[in-house]
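Enquirer: Here's a sequence, model it:
(4 chains)
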Number of protein chains: 2
Amino acid sequence: MNQGRPLEFDPNLALQRAMEVFWCRGYEAASLQNLLTAMAISKSSFYQTFGSKHELFQRCLQLFRERQVRLMMAALEQAPSGREFLRRMLRSAASEVVADEPPKGCLIMNTATEFSGRDAIVADLVGKGASQFTEVFRCAIERAQSAGEIDAGKDAEVLARYVVTTMSGLKTMAKAGMQTTAIEDVAELALTALG
Amino acid sequence: MNQGRPLEFDPNLALQRAMEVFWCRGYEAASLQNLLTAMAISKSSFYQTFGSKHELFQRCLQLFRERQVRLMMAALEQAPSGREFLRRMLRSAASEVVADEPPKGCLIMNTATEFSGRDAIVADLVGKGASQFTEVFRCAIERAQSAGEIDAGKDAEVLARYVVTTMSGLKTMAKAGMQTTAIEDVAELALTALG
DNA sequence: ATGAATATGTACCGATCGGTACAGAAATGG
DNA sequence: CCATTTCTGTACCGATCGGTACATATTCAT
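Expert: Residues are numbered from 1 along each chain as shown, chains lettered A, B, ... in the order given. Just a heads-up that it's a prediction; the model follows:
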């Protein structure tokens, strides 16, 4: 078997750069030029390695989901309690306003908004992302329920969906221009629904 | 003074059609062809009457906001109580999944997501929309507080922002594929935070 | 050295993008 | 009837869209 000429770039790094572009601009507004520039590769390499804009986008959605789930699970393990983890997550929407200018939100939810079900493949990846986020939150809630921080009588799955919903809402409000203090207030209030 | 040749179409109706297109597809994905077809006018008439795609979009955002605020205020007046109005609003995200296929969400919040602060004019219109929605909810909350349905000790402004946030989150989750029953469960749970 | 395999650079593709120029059509006032 | 004003149809604009063809460059196995 022959090896052929080696790649002159790191595909994982290029993928990461592409993800950033989609994250900032969305799918439609991210032109091939934007992507090529950010990925620092030529058009030939792009199509050779990633097939098409749409295929690249799918890989970016998966990368984002894996990365996000990994970060969330790490944060959950390090958190002093399940409830404190949830508080930190919800409040993070506020700090995002300061860190990113403008705030980027969540790539999965941004995509859910942009493709409102018009693309079956994308819809599937979005659904997968949403359910995995819910899963992590459910773990945190069950841990909090065991510790007596959250009413154990409530359905953890419903609570988890509520947290995902609120996260999504807060990130959207950040994009809509809500002040960081207001976001924090809403995040704290949202926590009270967990009982 | 001379009147000249009269318009062969209803500008308000055309604007409404355009709004539908932006609502379904977003700004970038709504091509001029999409718009012209939906508005049933020619390119000449389009530029003569609406100036450009971007100007048209601004007018659509305003139309949507006015329409939405009007509908919400009417619903509030008809509702048996402030709290029941809030319940109906939050639950409406679920019925939207059934009615529209796929769900369209809220044009203002969709726009906040699509243009993450990259367009100052649009950002301003989005902010105006968000604050007017908040205003209506604040009216409902104050009414509910007067009636003793909601803890009068809580800040109505914060509660109102919380409701807008939750509405936005629910509509996004609907787009992300959440089932109608799950949406209703989350909506009910969200209401408990109002105290 | 040669050939197979893989990667890149360059040039190009048709389609579509948003937008404009301008001639002709339809109304009014004189 | 004519001039003026306003609207519409047609043709066109340069730019960009995502994507492809193909020659050239670089590697490894023989």
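Enquirer: Alpha carbons of stretch A:89-97, in PDB - could you do that?
Expert: Provided in PDB are the C-alpha atoms of stretch A:89-97 (Å, rounded to 0.1, in the frame of the first residue of the first chain):
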ATOM      1  CA  MET A  89     -24.400  26.600  34.100                       C
ATOM      2  CA  LEU A  90     -27.300  29.000  34.100                       C
ATOM      3  CA  ARG A  91     -25.300  32.000  35.200                       C
ATOM      4  CA  SER A  92     -22.700  31.200  32.600                       C
ATOM      5  CA  ALA A  93     -25.000  32.700  30.000                       C
ATOM      6  CA  ALA A  94     -24.300  36.100  31.700                       C
ATOM      7  CA  SER A  95     -20.500  35.800  31.700                       C
ATOM      8  CA  GLU A  96     -20.700  34.800  28.000                       C
ATOM      9  CA  VAL A  97     -22.000  38.300  27.200                       C
END
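Enquirer: and that stretch, anywhere near chain B?
Expert: No: residues of stretch A:89-97 contacting chain B under C-beta under 8 Å from any C-beta of the partner chain: none, with a closest distance of 9.3 Å. Yep, even glycine has a C-beta here, placed from its N, CA and C like the rest.
Enquirer: what mean pLDDT does that stretch have?
Expert: Averaged over stretch A:89-97, pLDDT sits at 90.
Enquirer: Just the buried residues of it, please?
Expert: In terms of neighbour count (16 or more other C-beta atoms under 10 Å in any protein chain shown), stretch A:89-97 has its buried residues at A:89, A:90, A:91, A:92, A:93, A:94, A:96, A:97.
Enquirer: before we move on, what about stretch A:10-17?
Expert: Residues of stretch A:10-17 classed as buried: A:14, A:15, A:16, A:17 (neighbour count, 16+ other C-beta under 10 Å).
Enquirer: what is the rounded mean pLDDT of it?
Expert: Taken as a whole, stretch A:10-17 has a mean pLDDT of 98.
Enquirer: repeat for stretch A:117-130
Expert: 96.
Enquirer: Near DNA strand D, which residues of chain A are found?
Expert: Residues of chain A that fall close to DNA strand D, judged by C-beta under 7 Å from any atom of the strand: A:1-6, A:30-34, A:43-44, A:47, A:52-54.
Enquirer: all strands for chain A, in order.
Expert: Secondary structure of chain A, counting by DSSP state E: no strands present.
Enquirer: and the residue nearest to residue A:128 when sequence neighbours are not counted, how far is that from DNA strand D?
Expert: Nearest residue to residue A:128, sequence neighbours excluded (C-beta to C-beta, 6 or more residues apart in numbering or on different chains): residue A:65, at 6.9 Å. Here the distance between residue A:65 and DNA strand D works out to 22 Å (C-beta to the nearest atom of the strand, to the nearest Å).
Enquirer: now swap in residue A:146 and tell me
Expert: From residue A:146 to DNA strand D the distance is 49 Å (C-beta to the nearest atom of the strand).
Enquirer: which ones are touching that residue?
Expert: Contacts for residue A:146 (C-beta atoms under 8 Å, 6 or more residues apart in numbering or on different chains) come out as A:82, A:152.
Enquirer: One more: residue A:147?
Expert: A:81, A:82, A:83.
Enquirer: Can you flag which of the buried residues of stretch A:89-97 belong to helices?
Expert: Members of the buried residues of stretch A:89-97 lying in helices (criterion: DSSP state H): A:89, A:90, A:91, A:92, A:93, A:94, A:96, A:97.
Enquirer: which among those residues gets closest to DNA strand D?
Expert: Using C-beta to the nearest atom of the strand, residue A:96 is the member of those that lies nearest DNA strand D, at 26.6 Å.
Enquirer: phi, psi of the residue nearest to the closest one when sequence neighbours are not counted?
Expert: Excluding the flanking residues, the one nearest residue A:96 by C-beta to C-beta, 6+ apart is residue A:103, at 5.0 Å. With angles defined as degrees, to the nearest 10, residue A:103 sits at phi -60, psi 140.
Enquirer: so residue A:103 makes contact with residue A:176?
Expert: No: proximity of residue A:103 to residue A:176 does not meet the contact threshold set by C-beta atoms under 8 Å, at 9.7 Å.
Enquirer: All good on my end, thank you.
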